[in-house]
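Visitor: Sequence plus predicted model, see below.
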Amino acid sequence: MGMTTHHLLVHFPGHVVESEPTGFARHLGVHRDMEQQVPKFLAEVLDIIAVDGLDELRYFLDETIADGAVRLFPVPWAAVRSTESGGGREQEVDAGHRPMEKARRKGVKTIARRPGSACVRPVDKLTEIMDAKRREIAPFARPVTDAELAAFAGRHPSPGFRQSLAAPGRLAVIAEVKRASPSVGQIREGVDAVAQARAYSAAGADCLSVLTETKYFKGELKDLIEVVRDQAGWKRPLPCIRKDFMVHPCQVLEAAQAGARCVLIIVRGLTDDEIRPIHRAAKLAGLDTLFEVHDEAELERALRHDPVMIGVNNRNLSTFQIDLSFAERVIPHMPKSVLKVAESGIKTAEDAARMRAAGADALLVGESLMRSGDPAALMKALQNA
């Protein structure tokens, strides 16, 4: 956030929101000498809460300022190098989506909260993970050429990911290799990815999903490489999706190099300007793309990119609550040409039947299959629901 004498400026990727603070000055605590007040204020700060997008800011304004629970303070970038409460050591706070070049350091999208203020809704886990992923790849992210990507197109004679999910008369299942997740913690700690993928193949899975995110899901890119290599020796190799948080085309190149046949685009975690180069890179490399949405607004955004496959995540990534009605509500709005995938919270044949009745063509199932003592029986039950 930045502050002029008369305006509060909020900077987001692709957005600059300008508001006159007069109407809610008593809530914001904004004064003409704010530049001098900020360092003093930051010395008392307990939490720095990153705000992701306009919806998150609106939530704070609507839910916290309105009832006087907290006060929001604009924080100029120049003031964010400051001392912590009672400590005195310097700390730089960068709450942005991307590493911020010096030339762009005009402001940060940050909300600061004083000690003792009422508890407010934290940044959701998806925002945290996406920001962590951007920091993770920043040291080696580089432009990817069309030629590098196109070198992988047409390399695979076997059916692609989407094609393998075409299963007339029944539901297709994408079986996920998933050691852990932020919502439930450890699922099967240390499980061998290749052994799990083999079990899924033997159980009749249609495709595989391999987590390659390390910090939150305990996966590795090496898992995908080894699963693809092992699957190549099977009579019916299963195509794999690289399940990760894609923020840059270089990750698509990595997926192609590892042998993936599909990548994931999480619509909520990206701007349209970020989605376009990732989607284009996937098409150049001959990879399918699974667009993941959670509600009707995200579906509307996804459809701008002409997807051929869309998944509805039944998990609310703000609260981790699972509700199958999300898929039941969103899938019927998808065009007939789109292959429809229901994701998360599918544990029984009854759950699968609900998703099929809503119009799902396929299911993405991780935790239930990972925990099952008889994955073959569960797989058959899901497919034939």
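Guide: Thanks, I have it.

Visitor: where does the protein have low pLDDT?
Guide: Across the chain, the ranges flagged by pLDDT under 70 are 1-123.

Visitor: Domain map for it?
Guide: Following automatic domain parsing, the chain resolves into domains at 2-120, 134-383.

Visitor: and stretch 250-268, which residues are buried?
Guide: Neighbour counts over stretch 250-268 (16 or more other Cβ atoms under 10 Å) mark 250-256, 258-268 as buried. Using the backbone N, CA and C atoms, a C-beta is placed for each residue, glycine as well.

Visitor: And the strands in the stretch 151-300 of the chain?
Guide: Along the stretch 151-300 of the chain, counting by DSSP state E, counting those that start in this stretch, strands occupy 172-177, 180-181, 185-186, 207-211, 240-243, 262-266, 288-293.

Visitor: So what does the nearest residue to residue 211 once chain neighbours are set aside have for phi and psi?
Guide: Nearest residue to residue 211, sequence neighbours excluded (Cβ to Cβ, 6 or more residues apart in numbering): residue 219, at 3.3 Å. With angles defined as degrees, to the nearest 10, residue 219 sits at phi -100, psi 170.

Visitor: pretty sure residue 219 contacts residue 225?
Guide: No. Counting by Cβ atoms under 8 Å, residue 219 stays clear of residue 225, with 11.7 Å between them.

Visitor: of these two, who's got more company?
Guide: residue 219 (23 against 18; other Cβ atoms under 10 Å).

Visitor: Quickly note the distance from that one to residue 260.
Guide: Plainly put, residue 219 is 13 Å away from residue 260 if you go by Cβ to Cβ, to the nearest Å.

Visitor: overlap in contacts of these two?
Guide: Common contact partners of residue 219 and residue 260 (Cβ atoms under 8 Å, 6 or more residues apart in numbering): residue 210.

Visitor: Between the strands of the stretch 151-300 of the chain, which one is closest to residue 199.
Guide: Within those, the stretch nearest residue 199 is strand 172-177; the backing value is 8.7 Å (Cβ to Cβ).

Visitor: what ranges do the helices span in the stretch 251-385 of the chain?
Guide: Remark: helices assigned in the stretch 251-385 of the chain by DSSP state H, counting those that start in this stretch are 272-284, 296-303, 325-330, 349-358, 367-371, 375-383.

Visitor: which strands and helices sit next to the second one?
Guide: Right, helix 296-303. For helix 296-303, the packing partners by 3 or more Cβ pairs under 8 Å, 6 or more residues apart in numbering; DSSP states H and E come out as strand 288-293, strand 309-313, helix 325-330.
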